[in-house]
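**Student:** Pasting the sequence and the predicted coordinates here, then a few questions.
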There are 2 protein chains.
Amino acid sequence: MTIHLAETGADGSLKACTHDYQVNCGNCRLNSICLPLALETDDIQQLDDIIQRSKPLQKSQHLYREGDDFQSVYAVRSGTLKAYKTTDDGREQVTGFYFPGEILGMDGISNNAHASSAKALETAAVCEIPFTALERLSSLMPNLQRHFFQLMSREITEDQQLITLLSKNSADERVAALMLSISNRNARRKLSATQFRLPMSRVDIGNYLGLTVETVSRVFSRMQKMEVLQVDNKEIEILDTAGLQNMANLTG
Amino acid sequence: MTIHLAETGADGSLKACTHDYQVNCGNCRLNSICLPLALETDDIQQLDDIIQRSKPLQKSQHLYREGDDFQSVYAVRSGTLKAYKTTDDGREQVTGFYFPGEILGMDGISNNAHASSAKALETAAVCEIPFTALERLSSLMPNLQRHFFQLMSREITEDQQLITLLSKNSADERVAALMLSISNRNARRKLSATQFRLPMSRVDIGNYLGLTVETVSRVFSRMQKMEVLQVDNKEIEILDTAGLQNMANLTG
DNA sequence: TGCTTCACTTGATTCACATCAAGGCTGTAA
DNA sequence: TTACAGCCTTGATGTGAATCAAGTGAAGCA
């Protein structure tokens, strides 16, 4: 079950939320995989104090856009977002998908402006973490500083994985790798590793993986024929995890 | 003129260097683009105290290898290095080239183990920056913490550039983009933006850009025919910067 | 000095994926 | 219920870069 946290006024516009839905880092069921991960109870409270939870998003609404002033990073609380850049000939490059417990917006730190745009793929709730406050807190809490360095470092290694995928792997391998990645991220949140609903369109998948929609569709068909995957529109069931891993042929 | 800082014993093996070549962050001519960039004189001294300069590398020698314990990040003082990952079917993926003033090794933070290997493309000198000491210092110096966050963020945005390049651009565009990148990085160090020697092989270029050697070679030939570039083995002269930028057709 | 090796170039052929084109399915609104 | 719009699938054809195959040139070594 998904809890919808978004609120809109009668005109459909977003209302500022003053209450906090009784959610805080201390009781959030994502805290073991999210930013508070490395902290003691007292410290979690302090982190909680700087976090703002006033940003529920409707499907296809932007969290921030490329070029916006950088103020905060964001933790996903529910729903899914995609990050993307727009090339100057107007095309899109999807640079990542963000699931609950994951942090996005860190690419804005270097230039004090967001280097990519972020858009909700479905109704999504995020925790806003003002960056200057986070910096201040990080100076005081070595564990938090360390953890945030690690988060950024992980973003780097994940990007490098994608670089390798794009540069060395076939269409089949790329799609298989993405399915396994989503499966793993579901497992981390104690959800099914074998059955899930894709929050993104075939276009987004193709865009992320450097493929066309048609190719993505054909790969899914092929995988279904090989009885590795059961595909029903956005509903995915992994029938043969070992087969899928084999197909992905990933970097160790 | 390049100053060679490496020292080898009579047997060609690397000697530990006890003296420091009178180099320190305060007088290093790269300090305006390197880690000390954001610091006051006093703070630079403190940063300098934790830095170790005992690691000159010969061509093709490793600075660290994928899987090695992560202890330090490194600033390039002279020469060039490449970072690469090995896929489990034994192939290489070059993930970056590092020129003087640039920092490498940050991908090791997330898992306390280096996520890639780093190898000298020519004789190279690096400054080793032990990470725990850097963390401690960062807690005390907000500017240093900020700057290091920015460096990591830049690595992320650069990786995203490469992702876009690999996913959306043709062979010509990729090679043009790399030439422009090297040109810009030279300019930053007050070297010629239009004439330089490539420190890496065609294989490395192709590997980095997701192309074969043959394709890279053909692109260079084509660019030469179009009088955009003068190519003499590793010596490059950019004849028509605007034409090259046009050819690169990059993301804004 | 010539030999060997490695890096690079060039040409011919092949192939994986893009592109072009058409049709089917799903969800929403009147 | 129909109608429309988006999204997805499938098929036919085209193409840019990979692969295969020879060279050529430059660097290191005996």
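**Tutor:** Yep, that arrived.
**Student:** Now do the buried residues in stretch A:56-74.
**Tutor:** In terms of neighbour count (16 or more other Cβ atoms under 10 Å in any protein chain shown), stretch A:56-74 has its buried residues at A:Pro56, A:Leu57, A:Gln61, A:Leu63, A:Tyr64, A:Glu66, A:Phe70, A:Ser72, A:Val73, A:Tyr74. Glycine gets a C-beta too; all of them are placed from N, C-alpha and C.
**Student:** What segments of the stretch 1-150 of chain A are strands?
**Tutor:** A:52-57, A:62-64, A:72-78, A:81-86, A:92-98, A:103-104, A:117-120, A:124-130 (DSSP state E, counting those that start in this stretch).
**Student:** returning to that earlier point: in JSON lines, list the buried residues of stretch A:56-74 along with distance to DNA strand C.
**Tutor:** Listed next are the buried residues of stretch A:56-74 as JSON lines, based on distance: Cβ to the nearest atom of the strand, whole Å:
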{"residue": "A:Pro56", "distance to DNA strand C": "19"}
{"residue": "A:Leu57", "distance to DNA strand C": "17"}
{"residue": "A:Gln61", "distance to DNA strand C": "16"}
{"residue": "A:Leu63", "distance to DNA strand C": "22"}
{"residue": "A:Tyr64", "distance to DNA strand C": "26"}
{"residue": "A:Glu66", "distance to DNA strand C": "23"}
{"residue": "A:Phe70", "distance to DNA strand C": "32"}
{"residue": "A:Ser72", "distance to DNA strand C": "31"}
{"residue": "A:Val73", "distance to DNA strand C": "32"}
{"residue": "A:Tyr74", "distance to DNA strand C": "26"}
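**Student:** Looking at these, which is nearest A:Pro142?
**Tutor:** Checking the buried residues of stretch A:56-74 against A:Pro142 with Cβ to Cβ, the nearest one is A:Val73 at 19.1 Å.
**Student:** which residues touch the closest residue to that closest one other than its chain neighbours?
**Tutor:** Nearest non-adjacent residue to A:Val73, counting by Cβ to Cβ, 6 or more residues apart in numbering or on different chains: A:Gly105, 4.1 Å away. By Cβ atoms under 8 Å, 6 or more residues apart in numbering or on different chains, the contact list for A:Gly105 reads A:Leu63, A:Tyr64, A:Phe70, A:Ser72, A:Val73, A:Tyr74, A:His114, A:Ala118.
**Student:** now the strands of the stretch 1-150 of chain A as TSV including distance to A:Gln224?
**Tutor:** Shown next, in TSV, are the strands of the stretch 1-150 of chain A (distance: least, Cβ to Cβ, whole Å):
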stretch	distance to A:Gln224
strand A:52-57	33
strand A:62-64	34
strand A:72-78	30
strand A:81-86	25
strand A:92-98	22
strand A:103-104	32
strand A:117-120	29
strand A:124-130	29
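**Student:** mean pLDDT for those strands: which is lowest?
**Tutor:** Sorting the strands of the stretch 1-150 of chain A by mean pLDDT places strand A:52-57 lowest, at a mean of 84.
**Student:** partner strands of that strand, parallel or antiparallel?
**Tutor:** With DSSP bridges as the test, strand A:52-57 is paired with strand A:124-130 (antiparallel).
**Student:** Name the residues that touch the partner strand?
**Tutor:** For strand A:124-130, contacts defined as Cβ under 8 Å, 6+ apart pick out A:5-6, A:35, A:50-57, A:63, A:71-81.
**Student:** Can you point out the buried residues in it?
**Tutor:** A:Ala124, A:Ala125, A:Val126, A:Cys127, A:Glu128, A:Ile129.
**Student:** Report the beta-bridge partner residues of the fourth one.
**Tutor:** Beta-bridge partners of A:Cys127, counted by DSSP bridges, are A:Ala75.
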